[in-house]
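J.: I'd like to go over a predicted model; first the sequence, then the structure.
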Amino acid sequence: MDRLDDAMILCDALSAHAPAHANDRHVAFTVVTDRQGFELRVGELSEQGASKLLADAAVPGVGNVLERMSDELRIEPSSAEHSREDLVLTLRFG
């Protein structure tokens, strides 16, 4: 349950900041789960949008919420369009 709480906090932060880094302010969230955890993909961000989104997730006195609560973070080319990118966050159970 703790990881689901973490996912809710991550989704709140992403929902607040991600639209500013998408070409048309449209953001797609995808969740894939397995026995080890889950992967949250934030898609259709503009070029360099994932890096800018990460920078926006810094909270004074707390640090970067996305980096602190994720077990792994990576930026990948979007499957929707080559000039866009996805931010992928992995949260593991246990």
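T.: Yep, that arrived.
J.: Now K52: which helix or strand?
T.: helix 49-56 (DSSP states H and E).
J.: Which residues does the following helix or strand past that helix contact?
T.: Later in the chain than helix 49-56, the nearest helix or strand by DSSP H and E is strand 58-59. Strand 58-59 is contacted from outside by 64-65, using C-beta atoms under 8 Å, 6 or more residues apart in numbering. From N, CA and C alone the C-beta is placed, and that goes for glycine too.
J.: and what of stretch 36-53?
T.: So stretch 36-53 is contacted by 3, 7, 10-11, 14, 17-18, 20-23, 26-33, 66, 71, 75, 78-81, 83-93 (C-beta under 8 Å, 6+ apart).
J.: Make a ChimeraX selection of the buried ones in the residues you listed.
T.: This is the ChimeraX syntax for the buried subset of the contacts of stretch 36-53, where burial follows 16 or more other C-beta atoms under 10 Å:
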select :7,10,11,14,17,18,21,22,27,66,78,84,85,86,87,88,89,90,91
